[in-house]
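1. Need coordinates for the below:
(chains A and B)
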Amino acid sequence: MPQQSGSDVPELTPVAERTTPHPPRRGAPDSVPRGPAWRARANRPAFWSPWLFMLPGLALFAVFFVWPAVQALQLAFYRYDGISAPIAVGTANFERMLDDPRFHEALVNSFLFLLGMIPLAVAVPLLLAVLVNQRIPGIQGFRLAIVMPVVVSMVAVAVTWKYVLDAEGVLSWIVTSLGIADEPTAWLLSTDWALPCLIVIEGWKSMGIYMMIYLAGLQAIPSDLYEAAEIDGAGVWHRLTKITVPLMVPYVAVTSTMAMLDAMQVFTSVYVMTRGGPQDSTMTLGYYVWSKAFEDYEFGYASAIALVLWAIMIVLAVINYQLTKERR
Amino acid sequence: MTARTRRRRTSTLAGNYVLLIILAIIFIGPFVVLVSSSLKPATQDVFSFPPDFIPRPPVVDWFIRAWTVIDFPRYLLNSVIYVGVMVPAYLAVSALTAYPLARMRFRLRTVVFFLFLSTMFLPGELMLIPRFLVVSELGLADSYAGVMLPGILSAIGIFLLRQTFAGVPQELDDAARIDGCKEWGVFWHVMLPAAKPAFAVLAIFGFISVWNSFIWPLVVLKDTSKYPIALGIAYLTGVTGTDVRSLAAGTVISLIPVLVFFLVMQRHILEGMKGAVKG
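-> Sure, this is the predicted structure:
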């Protein structure tokens, strides 16, 4: 019997002749249900039918993904202010990055952001998930409390934290009354503290979502594993490090990738709270790209930086994938 | 269970609650500070050592001021428009695109599917500038359409609905065809009803992300009267200056719709977040 993969000619084999299941077609994923021949015929649409369904999606894809992606690549090699005609400059934009101190500052800050975010997004939420995975009264309320900042806009979160981080705010009061510091600090105006504050706020805002991801994983672990370990005399710490953490590695792959991509692109919190200051101490790559493009109207240079940022993100994602794959 | 282990259990339980309460304070506390600042009268300091969170007496003046100093109703209305148009459009486009990818056989199907998936690797930061230029070239800069159109296509929506449609039993499909349904009929009468839970999850997360959207409207819009609420708050920070009470009040107003939505939909939201990994 000839294979008619992908063609529009209907199957001619009568149903009665079929004893074996329908042979798989080339290019047809397993998820598509296969039935007897008449079903396959019924499911074989006119050639234009799928394309008509996908028309709106394809149009949006072409206009808002393909076209801009091509432009993103091109612009990086041009000087363009948004008004006069673009001028081809070769690799000048990339060379400029090599001796642009603000770019270096942004690069360093973005990596510091990443380093700070990883424990907040990967480790702390796992502990939170273990804590809220207990069946005790009122636990749903505590879960909701931790998830609440996730659904709130970053702008509102940033404004909210300004009240806590004011020189005379709650944090200053806690720190001075505990005797950690002698006098109040204007946290967001300090070159030492502004970046750590932003990292903690971004972590605080997104912890809930990472916690829920881990919670899904924890609830998939069969409870007899823990019971067996408990009978063998394993304590809380042992159960956590020997059972929970190894089984959570696939979920760590998800949370670490999400956290990494978010950390490298951080923008809104910087925009609302510090505008990159004081003295560029919170200048991140995400903010620098925006500022170069929409404050200085250097679209070409900003695009080149965005492209470098994209390359960094892809490399980090691949490294992350390899690291978590080996441990599975 | 011996008396000793029971005692130990009780003390761990108490310890757990102490931890949970500390966590709740960390996650809710900043919002309490915000609400208290928004209600304090002019005679009471917003900041003090030690902090004083009880407004004496609570006043609504700052809410009235925030509501009028910027065009608050307008921003809320804009956000309602953005959500009202973008979320249904997002669901419709995702479903229409996912259906052939899940249930039809045609040339290039796998290629098309991976093309859509590849958009996940084009982060917002990279697309920001070129998309702005494309939107400008189309004459959509500073317009509602310019804010909305680029946000309608999402790989996640297509992916999730494709999975859902592929899981619909073939018998339902066949039955509809025997009753005389064509492709559209199968899509409308079989697939859409079967995918209701998936639509609910997508709609909820769509609502939250559109309501909170910030950077794209910031880039596209010059005309403040088209601002969504999140941009309105950022604008308010500039307008209020040192009037921190009004800023707090405005921010509280902006939080109310999304928090009410969250509390009403909490079960679906928590399930949806968990499903995000499995899906």
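2. Tell me where the stretch 51-200 of chain A has strands.
-> A:78-79, A:87-88 (DSSP state E, counting those that start in this stretch).
3. Columns mean neighbour count and mean pLDDT on top of these, output as TSV?
-> (C-beta placed from N, C-alpha, C; glycine too.) Below are those laid out as TSV (neighbours: other Cβ atoms under 10 Å in any protein chain shown; pLDDT from 0 to 100):
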stretch	mean neighbour count	mean pLDDT
strand A:78-79	18	90
strand A:87-88	11	86
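4. Quickly list the domain ranges of chain A.
-> A:9-44, A:55-94, A:101-326 (automatic domain parsing).
5. can you list these in CSV and add distance to chain B?
-> Listed next are the domains of chain A as CSV, based on distance: least, Cβ to the nearest Cβ, whole Å:
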stretch, distance to chain B
domain A:9-44, 4
domain A:55-94, 3
domain A:101-326, 4
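6. follow-up on the earlier one: which one of the strands of the stretch 51-200 of chain A lies closest to A:Asp262?
-> Closest approach to A:Asp262 among the strands of the stretch 51-200 of chain A (Cβ to Cβ): strand A:78-79, 29.3 Å.
7. who does that closest one pair up with?
-> Strand A:78-79 has the following sheet partners, assigned by DSSP bridges: strand A:87-88 (antiparallel).
8. tally of neighbours for A:Ala253?
-> 19 (other Cβ atoms under 10 Å in any protein chain shown).
9. Pick the most deeply packed of the domains of chain A.
-> domain A:101-326 (a mean of 18; mean count of other Cβ atoms under 10 Å in any protein chain shown).
10. Could you check how far that one is from the centre of its chain?
-> 11 Å (Cα atoms, centre = their mean, to the nearest Å).
11. Where does the prediction get shaky in the chain?
-> Just so you know, I chose chain A. A:1-45, A:326-328 (pLDDT under 70).
12. not quite, I wanted chain B
-> B:1-6, B:8, B:274-279.
13. Helices along that one, start to end?
-> B:3-39, B:61-69, B:72-103, B:109-118, B:124-137, B:144-148, B:155-166, B:170-178, B:183-186, B:192-194, B:196-211, B:215-220, B:229-240, B:244-278 (DSSP state H).
14. helices and strands around the second one, which ones?
-> This means helix B:61-69. Contacts defined by 3 or more Cβ pairs under 8 Å, 6 or more residues apart in numbering or on different chains; DSSP states H and E place helix B:61-69 against helix B:3-39, helix B:229-240, helix B:244-278.
15. picking that back up, export the helices of chain B to a markdown table and tack on distance to A:Thr185 and mean neighbour count?
-> Formatted as a markdown table, the helices of chain B follow (distance: least, Cβ to Cβ, whole Å; neighbours: other Cβ atoms under 10 Å in any protein chain shown):
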| stretch | distance to A:Thr185 | mean neighbour count |
| --- | --- | --- |
| helix B:3-39 | 17 | 15 |
| helix B:61-69 | 27 | 18 |
| helix B:72-103 | 33 | 20 |
| helix B:109-118 | 46 | 16 |
| helix B:124-137 | 31 | 22 |
| helix B:144-148 | 39 | 20 |
| helix B:155-166 | 41 | 21 |
| helix B:170-178 | 64 | 16 |
| helix B:183-186 | 64 | 17 |
| helix B:192-194 | 56 | 14 |
| helix B:196-211 | 34 | 19 |
| helix B:215-220 | 29 | 21 |
| helix B:229-240 | 21 | 21 |
| helix B:244-278 | 18 | 19 |
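16. Looks to me like A:Gln279 is in a helix.
-> No. Using DSSP: H, G, I helix; E, B strand; the rest coil, the assignment for A:Gln279 is coil, not a helix.
17. Please state the backbone phi and psi of it?
-> phi 50, psi 50 (degrees, to the nearest 10).
18. Next up, the contacts around the closest residue to it other than its chain neighbours.
-> Nearest non-adjacent residue to A:Gln279, counting by Cβ to Cβ, 6 or more residues apart in numbering or on different chains: A:Thr191, 5.5 Å away. Neighbouring residues of A:Thr191 by Cβ atoms under 8 Å, 6 or more residues apart in numbering or on different chains: A:Pro278, A:Gln279, A:Ser281.
19. doesn't A:Ala194 make contact with the first one?
-> To tie it back to what came earlier, the one meant is A:Pro278. Yes. Using Cβ atoms under 8 Å, A:Pro278 is in contact with A:Ala194, at 6.2 Å.
20. Output the contacting helices and strands for the helix or strand where A:Met264 lies.
-> A:Met264 belongs to helix A:249-265 when assigned by DSSP states H and E. In terms of contacts (3+ Cβ pairs under 8 Å, 6+ apart), helix A:249-265 is packed against helix A:101-118, helix A:194-220, helix A:285-294, helix A:299-326, helix B:124-137.
21. Next, the angle helix A:299-326 makes with the last one.
-> Taking axes from the mean of the first three to the mean of the last three Cα atoms, to 10 degrees, helix B:124-137 and helix A:299-326 form an angle of 140 degrees between their directions.
22. Who are the contact partners of the residue most central in space within chain B?
-> In chain B, the C-alpha nearest the mean C-alpha coordinate belongs to B:Ile208, at 1.2 Å (Cα atoms, centre = their mean). Residues near B:Ile208 by Cβ under 8 Å, 6+ apart: A:Val151, B:Val258, B:Phe261, B:Phe262.
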